[in-house]
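Enquirer: coords please:
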Amino acid sequence: MTVATKAAKGSAREYPLDRYRNIGIIAHIDAGKTTVTERILFYTKKIYKIGEVHEGAATMDWMPQEQERGITITAAATTCFWKDHRINIIDTPGHVDFTVEVERSLRVLDGAVTVFDGVAGVEPQSETVWRQADKYRVPRICFVNKMDRLGASFERCFGMIGDRLGANAVAIQLPMGAEDRFKGVIDVLEMKASFWEQDTPAEGVVRDIPAEYAEAANAAHATAVEKIVETDDALLERYLAGQAISADELRQALRAATIASKIVPVFCGAALRNKAVQPLLDAVVAYLPSPLDVPPVVGKDAKTEADIVRQPKDEEPLAALVFKVAADPFVGKLAFFRVYSGTLRAGESVINSTKDKRERVSRIVLLHANHREDVDFVSAGDIAAIVGLKASFTGDTLCDPAKPVILEQIKFPEPVIQIAVEPKTKSDEEKMSLALARLAEEDPTFRQQTDEESGQTLISGMGELHLDVIVDRMRREFKVEANIGRPQVAYRESITRPAQGHGRYVKQSGGKGMYGDCIVDFEPLQRGEGFAFEWKVKGAGLSKDWAKPIEAGIREKMANGVIAGYPLVDVKATVVDGSQHDVDSNEMAFKIAGSLALQEAVAKAGAVLVEPVMKVEVTVPEEFMGSVVGDLNSRRGQIGGIDDRANAKVISAQVPLATMFGYATDLRSATQGRGVYSMEFDHYEVLPQHLASEITKSRQG
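Expert: Next comes the predicted model:
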C-alpha cells in the first residue's frame, strides 16, 4: 500500500493536534535536566518509581556510560500525558562534547524547557543551548532548579537570564524561601501560593500568599502584567485606561507572546526534592506551542528547488525528517523521525528524497528511553522511530513518493580533536572498522579517516570525553579492544591574502590526450565560513560544463591540505579564465587543473595554520584564583573577566585547545579538588609562527 492511499483509509487520532506538545529539556551540564524529566515522568504516571541520576538509576540515562558518569550522553525520547495533553519529551545532554544531540533535537521540537542551576545561574553551555534554540526559533520557558541548595538565588539567576542571554524574561513564579528553607512558590498571575512541606512526592497545597512575601509578590505581579500587556495592543489599551485584566486573559496573552518568542516566562523549584514540578507541567501545557502554533514546515522541490509548504495536517502528503540514527543491539538500526505532515503506516513504502531512494517502513516504534512500543501508524506532530531503514541517516527527508519534498538539513559543527586508534589483535581489525562505521552513522560530529602516511586510523570528535565514550562503546557494544594514541588537535590551514592560481594540465599519450586549463582567483573568507565557489568566466573560451570538475579538484586538494596535510578552510575560489580543447578536454583533466591552480595560489596567498580556541570558564575558591589565572596565562590563555558567584570566583578565558589536554587533573591538584571548569569551542585563530613551523616539520618529517 502506498502513502497516497492511506488518507482514504483514515487513522484514529487519540489526541487532537492542538493538545500535542513536542518539547526538549535543555541546559548546562549538571543543572538537573534528567532529574526534572524523571519527576515529569513520575507525576504523569509514565513511571512509578523515581530513579536518581547520582545513583545511576535514572530512566532516561539508560546507557552504561551515562549511569557510570552521572551525565546524559545521548538524547532520549519519551511520551507522557498531562491534563488531557500528549507531551513528547526529548531529554538532551548538557556536556558540550555532545552538543550534536541538542542541535538535532531542537531542529524537530516545537518548544523547550531551559533548566538553570539556582546556584550557578547562566553557565557557558546554557548560553550555547540558548543560541541553538534561537537558531531554530524554538519558543522556551525557563525553570530555575535547585532552589533548595546552599547559595541558591532566584533573583541573581533571573537577572543573568536577562543580562547574559538577552531574553525578555518575566517571573511567573517567585520562590518562598531558599536553600533548606525553600518551601514553595507564588504564582504571580493568580496571586496564590503553593506549599510543599515534605520532600516526598505530593501535590502542592494552595493557600493565600504569606504576609512576608506580599510586597515582593505585588511588585512581581505589576511587572509581569506590564510586560505581558505590552505584547497585546487590545490589552495595553485597557491597561492604560485603568481597566482590570483577568488572570485568564493574561495567560492567553502570555501564551501568544511566548510562542512568538517575545517573552520568556520563568518558573522555579527543586526537582530533586519534588517541589514545584507539577506547576512546571501546567506551564508546558499552558504556554508552549502545539504543532499548530508554529509556522508550517517549508521544504524544497527536489527538481525545481521551489519552496513547498507542508501544513501540519494528517490529510497532507507525508513529510518527515530523520533527526537521529541509533544502533540498537536487539533490533539493528533505529531512525528517529518527526512527522511534519501526513500519516505513515507500518508496511508502507516511502521515498528518501534527500538521496532519491525508496525505503520500506517495516516497523514503527514509540520510544521510552531504551524501551520500545510497536504502533501501526504515526500522524502529523508525532515523534517515533523506524526499525531497519537501509539508506536513511540524520538529516534525511522521508516523504510521499508521489509528492516528494526535501526539508532543510541539519548543519553540524566540525570536530576539533582527534586520536589514533589501532586494534590490539588481528581479529579486532575487521571488527573495529565495522564498529567505527556504525558509530559514525549515529553521530555526525564523529569522523574516522586513515592517515595516508602512517596508515593509522584517526578518529575525530568534539572533545576528550566524546572520544572516550566512543572508545568505551566500541569496547562494550562491539567487543573491540584497541590501543589509543595521545589526543591531537584538529588544526586547519587557511590563507591570509588573495592570490591567483593558473592550473594547466596537458598530457599527450599517442591517442586521445588530456587538456585542462583554468585561472582561478582565491581569497580568504571569515573564520567559520567554509568554502565558496563562483564562476566569472567572460566569453566562450571556457565552457561552464567544466565548473563542477574544477570545483571538485579544488575541494579534493583542500581536504588534503597544502602546508601540513590539514584541511584548508575559509576560502573563496572564483574561476575567471581558462581554455579548452575540442577533443582532449575531459572532466579528469579539469579536476587536476583545479587542484594545480589551488596549489600554485597557496604559495602566494600567505598560507597559515589555524588552531581551535576554546571558551573556558573556571570556578574556584578565591584563595586559588591567582595560581589558576597564572596557569591559564601559561597555556597561552587570554583572561576575559573575573566574576563573583556564591563564595567563589569565576574566571572566563579563551585558551588554545592544544594546551588544555589533561587540564582537569591539573586544576584538581592546584585547587585541592575544589575547582571546576567547563570548556567549549569558540573560534579558530592563527597559530604563532614558531609553533606552526614545528607542526609542519613534524608532519613532513
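Enquirer: Now do the contacts for residue 166.
Expert: Applying C-beta atoms under 8 Å, 6 or more residues apart in numbering, we find residue 166 in contact with no residue. (Each C-beta comes from the backbone N, C-alpha and C, glycine too.)
Enquirer: distance of it from residue 127?
Expert: 10 Å (C-beta to C-beta, to the nearest Å).
Enquirer: Same question for residue 607.
Expert: On the measure of C-beta to C-beta, residue 607 and residue 127 end up 33 Å apart.
Enquirer: Those two: which has the busier surroundings?
Expert: A count of neighbours by other C-beta atoms under 10 Å puts residue 607 above the other of residue 607 and residue 127, at 20 against 17.
Enquirer: Correct me if wrong: the more buried one contacts residue 495.
Expert: Yes. Judged on C-beta atoms under 8 Å, residue 607 makes contact with residue 495 at a distance of 5.5 Å.
Enquirer: Count the residues that sit near residue 203.
Expert: Residue 203 has 9 nearby residues by other C-beta under 10 Å.
Enquirer: That one contacts residue 277, doesn't it?
Expert: No. Counting by C-beta under 8 Å, residue 203 sits too far from residue 277 to count as a contact (10.6 Å).
Enquirer: Next up, identify which helix or strand residue 596 is on.
Expert: helix 587-602 (DSSP states H and E).
Enquirer: what's the next secondary structure element after that helix?
Expert: Following helix 587-602 toward the C-terminus (DSSP H and E): strand 608-620.
Enquirer: Identify the residues contacting residue 618.
Expert: So residue 618 contacts 628, 632, 650, 651, 653, 667, 675, 676, 677 (C-beta under 8 Å, 6+ apart).
Enquirer: roughly how far apart are residue 107 and residue 442?
Expert: For residue 107 relative to residue 442 (C-beta to C-beta), the value is 16 Å.
Enquirer: meant to ask about residue 78, not that
Expert: Taking C-beta to C-beta, one finds residue 78 at 19 Å from residue 442.
Enquirer: Comparing those two, which shows the higher neighbour count?
Expert: residue 78 (23 against 19).
Enquirer: Which secondary structure state does the more buried one sit in?
Expert: At residue 78, secondary structure determined by DSSP: H, G, I helix; E, B strand; the rest coil is strand.
Enquirer: Surely it and residue 383 touch.
Expert: No. Using C-beta under 8 Å, residue 78 is not in contact with residue 383; the gap is 9.6 Å.
Enquirer: which residues are common contacts for these two?
Expert: residue 88.
Enquirer: which residues touch the closest residue in space to residue 546 that isn't next to it in sequence?
Expert: Setting aside the residues directly before and after it, residue 546 is nearest to residue 590 in space (C-beta to C-beta, 6 or more residues apart in numbering), at 4.4 Å. Taking C-beta under 8 Å, 6+ apart, we find residue 590 in contact with 505, 516, 518, 546, 549, 550, 553.
Enquirer: nearest to residue 423, of those residues?
Expert: Distance to residue 423 across the contacts of residue 590 (C-beta to C-beta) is lowest for residue 553, with 34.4 Å.
Enquirer: low-scoring stretches of this structure, by residue?
Expert: 1-12, 47-75, 94-97, 328-330, 369-370, 451-455, 510-511, 646, 700-701 (pLDDT under 70).
Enquirer: okay, which residue is most central for it?
Expert: Computing the C-alpha centroid of the chain and ranking residues by C-alpha atoms, centre = their mean puts residue 103 first, at 1.9 Å.
Enquirer: in the helix or strand hosting that residue, what's buried?
Expert: Secondary structure assigned from DSSP H and E places residue 103 in helix 99-108. By neighbour count on 16 or more other C-beta atoms under 10 Å, the buried set for helix 99-108 is 99, 100, 101, 102, 103, 104, 105, 106, 107, 108.
Enquirer: close enough to count as contact, residue 334 and residue 322?
Expert: No. Applying C-beta under 8 Å, one finds residue 334 not in contact with residue 322, separated by 10.3 Å.
Enquirer: for the stretch 301-450 of the chain, what spans make up the helices?
Expert: 426-442 (DSSP state H, counting those that start in this stretch).
Enquirer: Which residues does the longest helix anywhere in the chain contact?
Expert: When the chain is parsed with DSSP state H, its longest helix is helix 211-229. With contact meaning C-beta under 8 Å, 6+ apart, helix 211-229 is reached by 168, 170-172, 174, 176, 186, 188-189, 191, 193, 209, 235-236, 238-239, 245, 250, 253-254, 257, 263.
Enquirer: Which members of these come out as buried by neighbour count?
Expert: Buried among the contacts of helix 211-229 by 16+ other C-beta under 10 Å: 170-172, 174, 176, 186, 188-189, 193, 209, 235-236, 239, 245, 250, 253-254, 257, 263.
Enquirer: mind checking how far the residue nearest to residue 261 when sequence neighbours are not counted is from residue 199?
Expert: Distances taken as C-beta to C-beta, 6+ apart place residue 139 nearest to residue 261, at 5.3 Å, with adjacent residues excluded. Distance of residue 139 to residue 199, given as C-beta to C-beta: 32 Å.
Enquirer: for residue 205, same thing?
Expert: For residue 205, the distance to residue 199 - C-beta to C-beta - is 15 Å.
Enquirer: Then residue 309?
Expert: Taking C-beta to C-beta, one finds residue 309 at 50 Å from residue 199.
Enquirer: Helices - which of the buried ones among the contacts of helix 211-229 land there?
Expert: 235, 236, 239, 250, 253, 254, 257.
Enquirer: Count the residues that sit near residue 430.
Expert: 11.
Enquirer: Residue 163 now?
Expert: 12.
Enquirer: and it, helix, strand or coil?
Expert: Relying on three-state DSSP, one would call residue 163 helix.
Enquirer: show me the residues around it that make contact.
Expert: Residue 163 sits next to no residue when contact means C-beta under 8 Å, 6+ apart.
Enquirer: swap in residue 279?
Expert: Neighbouring residues of residue 279 by C-beta under 8 Å, 6+ apart: 173, 185, 187, 194, 204, 267, 269.
Enquirer: and those as JSON lines, adding neighbour count?
Expert: Shown next, in JSON lines, are the contacts of residue 279 (neighbours: other C-beta atoms under 10 Å):
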{"residue": "173", "neighbour count": "26"}
{"residue": "185", "neighbour count": "27"}
{"residue": "187", "neighbour count": "21"}
{"residue": "194", "neighbour count": "22"}
{"residue": "204", "neighbour count": "20"}
{"residue": "267", "neighbour count": "25"}
{"residue": "269", "neighbour count": "31"}
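Enquirer: Take the residues you listed and write them to a markdown table, including distance to residue 32.
Expert: What follows is the contacts of residue 279, written out as a markdown table (distance: C-beta to C-beta, whole Å):
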| residue | distance to residue 32 |
| --- | --- |
| 173 | 16 |
| 185 | 16 |
| 187 | 21 |
| 194 | 19 |
| 204 | 19 |
| 267 | 13 |
| 269 | 10 |
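Enquirer: Closest to residue 569 out of the residues you listed?
Expert: Using C-beta to C-beta, these come closest to residue 569 at residue 267, 42.5 Å.
Enquirer: Can you give me the first-to-last residue distance of stretch 397-409?
Expert: For stretch 397-409, the separation between the terminal residues is 8 Å (C-alpha to C-alpha, to the nearest Å).
Enquirer: Not counting sequence-adjacent ones, nearest residue to the residue nearest to the centre of the chain?
Expert: Using C-beta to C-beta, 6+ apart, the closest residue to residue 103 is residue 132 (5.8 Å).
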